[in-house]
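Visitor: for reference, the sequence and a predicted model appear below.
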Amino acid sequence: MERHVFRALGTECELLLDVDPGPDAVLALATAEGEIRRLERLLSRFRPDSELSRLNEAGELEAGDDLLAVVRLALEARERTGGRFDPTVHDALVAAGYDRSFDDLQAGGACSPPVPAGGAVRVQGRRIELEPGVRLDLGGIGKGYAVDRAVVRLAGVGPCLVNAGGDLAVAGVPPGGVWPVGLETPAGEITLGVAEGALATSGRDRRRWRAGGEERHHLIDPATGRPAESDLVTVTVAARTAVEAEVAAKALFLAGERDAAAEADVLGVPALLVTADGRVRFAGGLS
Amino acid sequence: MTDHVARLYATALALVVFFLAWAAVAARPWGHETAAEAKADPRMVQLDRRAEQIRKRQVRVQRKLDRRFEAYRVALAERQARIAAVQASPAPVATPSVAAPSVGTVPAAPVTQTRSS
């Protein structure tokens, strides 16, 4: 098993490739890393020269393939989740103090009144237009997109897993039949065996900071523009792709335990919910 | 011109003449070393032979190195072309089409972790 770890997308990225060591494996891993770094350069809101930053700055842009694809996916997700997932939370995140990369945020961020999301975003052909005052954050969905793209790059070489700080996707079956993925819960570590598709975990247990005398986290409720108040701590979701898993995990987190479990069951979305009182709940057929 | 200066010129001239004579004698124009005399020292012959062998071997090694370097250069160009092709080729913009997720709890030791990101 070839393992390659590097830092990108504001987190630790891990590539696993189940092939014998050799030049092909090295080339494939380097190509997958290059793909992730390329997408980070395009989609990061923390890079002033990224394509996303130029869109946010100008309010309109003739976009390249990747930005266009991610914005379309994000708008579809906004539609599908009834606005619980919304890429227009950029200013709400900044208002909550998340105005720089999380690595730099530990020094403490500035805080300002919450900014509800939901502004208009128009896509016509390759042109993306933002309503005045609207800016996009594609952090989570961009990470899922990068994971999905990196898996495509590796899949031709052998069974593989790409993990970007918890958002992961697999392709091909490893010798054991599944990819065992650990998840820390209050009840101890649970190992999920992933044979196909992707996993993503959203929660308020990690990306937290203090601003304006309050503890904040990065999961913004688009309706209020404030860090979401949920009786869940983390939600882990399995889906066909990392993008879908990322969107579903955020949407279920905002729904709260009861509605999240019901929605996962109805839609058949395998999910694992960790509640604020330390319980672990399986839903959507996951057991 | 004083006698002193004349003596100086005479001395310099004498030195020049002396060295010219020395060079003429050192050249031994009256004697010829025969081929037999040259062959007389077997160590010199052996050294010459050895030097010739080394020169030939050097040429062979250089040719071999040239061939190997050319093969390496071609392989490197092919490899760089492959890397460039892979990096330039657009992977499908749409997310990969995979089957429905297949996931469940297992007793195996994890190879990686998922956590809130």
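Guide: Happy to help now that I have it.

Visitor: make sure A:A169 is indeed in a helix.
Guide: No. Assigned with DSSP: H, G, I helix; E, B strand; the rest coil, A:A169 falls outside any helix and is strand.

Visitor: would you confirm that it contacts A:E196?
Guide: No. A:A169 is beyond contact range of A:E196, at 9.6 Å (criterion: CB atoms under 8 Å). For every residue, glycine as well, the C-beta is placed using N, CA and C.

Visitor: neighbour count winner among those two?
Guide: Comparing A:A169 with A:E196 by other CB atoms under 10 Å in any protein chain shown, the one with more neighbours is A:A169, at 35 against 19.

Visitor: how about the nearest residue to that one once chain neighbours are set aside, what does it touch?
Guide: Distances taken as CB to CB, 6 or more residues apart in numbering or on different chains place A:A198 nearest to A:A169, at 3.8 Å, with adjacent residues excluded. By CB atoms under 8 Å, 6 or more residues apart in numbering or on different chains, the contact set of A:A198 is A:144, A:147-148, A:167-170, A:238-242, A:244-245, B:101.

Visitor: same check, this time on A:A117
Guide: A:83, A:86, A:88-89, A:91-92, A:220, A:222-223, A:225.

Visitor: weed out the non-buried ones from the residues you listed.
Guide: Buried subset of those (neighbour count, 16 or more other CB atoms under 10 Å in any protein chain shown): A:83, A:86, A:88-89, A:91-92, A:220, A:222, A:225.

Visitor: ok, A:A228 - how many residues close by?
Guide: A:A228: 21 surrounding residues under other CB under 10 Å.

Visitor: repeat for A:R54
Guide: With other CB under 10 Å as criterion, A:R54 counts 15.

Visitor: look up which helix or strand the closest residue to B:I83 other than its chain neighbours falls in, please.
Guide: Excluding the flanking residues, the one nearest B:I83 by CB to CB, 6+ apart is A:L27, at 6.6 Å. Counting by DSSP states H and E, the element that carries A:L27 is helix A:23-43.

Visitor: who touches that helix?
Guide: Residues from elsewhere that reach helix A:23-43, judged by CB under 8 Å, 6+ apart: A:2, A:4, A:6, A:8-9, A:13, A:15, A:17, A:19, A:47, A:49-52, A:64, A:66-67, A:70, A:138, A:142, A:145-147, A:149-151, A:153-154, A:156-158, A:162, A:164, B:82-83, B:86-87, B:91.

Visitor: buried subset of the residues you listed, written for ChimeraX?
Guide: A single ChimeraX command suffices to select whichever of these are buried according to 16+ other CB under 10 Å:
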select /A:2,4,8,9,13,15,17,19,50,51,52,66,67,70,138,142,145,146,147,149,150,151,153,154,157,158,162,164 /B:86,91
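
Visitor: just the contacts of helix A:23-43: which are in strands?
Guide: Members of these lying in strands (criterion: DSSP state E): A:2, A:4, A:6, A:8, A:13, A:15, A:17, A:162, A:164.

Visitor: now, which of those lie close to chain B?
Guide: With CB under 8 Å from any CB of the partner chain as the criterion, these include A:A164 near chain B.

Visitor: hang on, the earlier thing: among the contacts of A:A198, which one lies nearest to A:L273?
Guide: A:A238 (12.9 Å; CB to CB).

Visitor: so that closest one, which of the three states?
Guide: Per three-state DSSP, A:A238 ends up strand.

Visitor: my read: it touches A:A249, true?
Guide: No. At 9.7 Å, A:A238 does not count as touching A:A249 under the criterion of CB under 8 Å.

Visitor: more neighbours, these two?
Guide: Neighbour comparison, A:A238 and A:A249: the larger count goes to A:A249, with 34 against 29 (by other CB under 10 Å).

Visitor: how about the more buried one, secondary structure?
Guide: Classification of A:A249 using three-state DSSP returns helix.
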